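S.K.: please work out how this folds:
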Amino acid sequence: GKMRKIIRLCVGVMLIFISLGFFFYPDFRNWKIREEVNRVEEEIKIYRSKVDEEEVMPYKNEITEEELYLEMKKYNQRLVTDGQELVDVWSYEETPIELKHLKDVNQVIGYIEIPDMKVKLPLLIGASEENLAKGAGILSETSMPVGGENTNSVIAAHRGWKGSPYFQYIENMKQGSIVYLHTLWETRVYKTVDVKIVDSFDLNSILIQEGRDMVTLMSCHPYGVPGGKFRYLVYCEYVE
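M.R.: Next comes the predicted model:
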């Protein structure tokens, strides 16, 4: 009887710890996301201060930073000249083939800040499940976030996931809502011009639009329906 009581007590204590783990896990994830954004913020600050003091040429801190910037520009040009090979709206979750050889490519390349959603999220290349757990992912076969004419960087995030918000409050976005893209090289400011709910197979809705410099935010719709058949899109245009 005594042994059984001890086993029961141990099982009880284990169950309490497991349930506490589930309870605190979203907080832990939110903390990790915040920490990552703080780290990137610091990295950007240091890099830009070196550029300002002319300790490094812009884009020439290390070969990887210059290379990454130039390769992204080249990749964006390829999308315009050869066209975008999108198959479905979540297609090309992985890093684009042309950028795979770059050292930093699977790491965070900056962060996105959206005041009306009250979020700052690390920004990663590719919208794989792994990347979307860490922050917001840039859909492959859409433009990289270095701007310029004929670009549309489609940035996807969960519509809230396991207790963490991500793009949960995407419906707060209205005409004029601001989106900041912070990368090593610059902070680009985009303003919301349109909002659309589309079928998940509507590819035309996320393509590059001629002559425009855009960011399109994307998440599942409706909220609370995993793998819902619609996508919520927020179109944002570069603010000169």
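S.K.: give me the distance between the two termini of stretch 77-97.
M.R.: 15 Å (CA to CA, to the nearest Å).
S.K.: no, scratch that, I was asking about stretch 165-185
M.R.: End residues of stretch 165-185 are separated by 28 Å (CA to CA).
S.K.: start at 505, not 1
M.R.: I'll keep to 505 as the first residue from here, and by that count the last item is stretch 669-689.
S.K.: avg pLDDT for the longest helix along the chain?
M.R.: Counting residues, the longest helix in the chain under DSSP state H turns out to be helix 506-556. What helix 506-556 shows for mean pLDDT is 78.
S.K.: tell me which other helices or strands that helix touches.
M.R.: Helices and strands touching helix 506-556, by 3 or more CB pairs under 8 Å, 6 or more residues apart in numbering; DSSP states H and E, are strand 612-618, strand 623-629, helix 633-638, strand 668-670, strand 682-687. (C-beta placed from N, C-alpha, C; glycine too.)
S.K.: now tell me what touches the fourth one from outside.
M.R.: Applying CB atoms under 8 Å, 6 or more residues apart in numbering, the external contacts of strand 668-670 come out as 530, 533-534, 537, 621-623, 625, 636, 639-640, 661-664, 723.
S.K.: who touches the longest strand along the chain?
M.R.: Across the chain, the strand with the greatest residue count (assigned by DSSP state E) is strand 691-703. The contact list for strand 691-703 (CB under 8 Å, 6+ apart) reads 593, 649, 651, 677-685, 709, 718-719, 725, 733-743.
S.K.: give me that answer again for 6 Å
M.R.: 651, 677, 679, 681-685, 709, 719, 725, 734-743 (CB atoms under 6 Å, 6 or more residues apart in numbering).
S.K.: Ile712 in helix, strand or coil?
M.R.: Here Ile712 is recorded as coil under DSSP: H, G, I helix; E, B strand; the rest coil.
S.K.: so what's it up against?
M.R.: Contacts of Ile712 by CB under 6 Å, 6+ apart are 654, 656.
S.K.: can you rerun that using 8 Å?
M.R.: 583-584, 588, 646-647, 654-656, 718.
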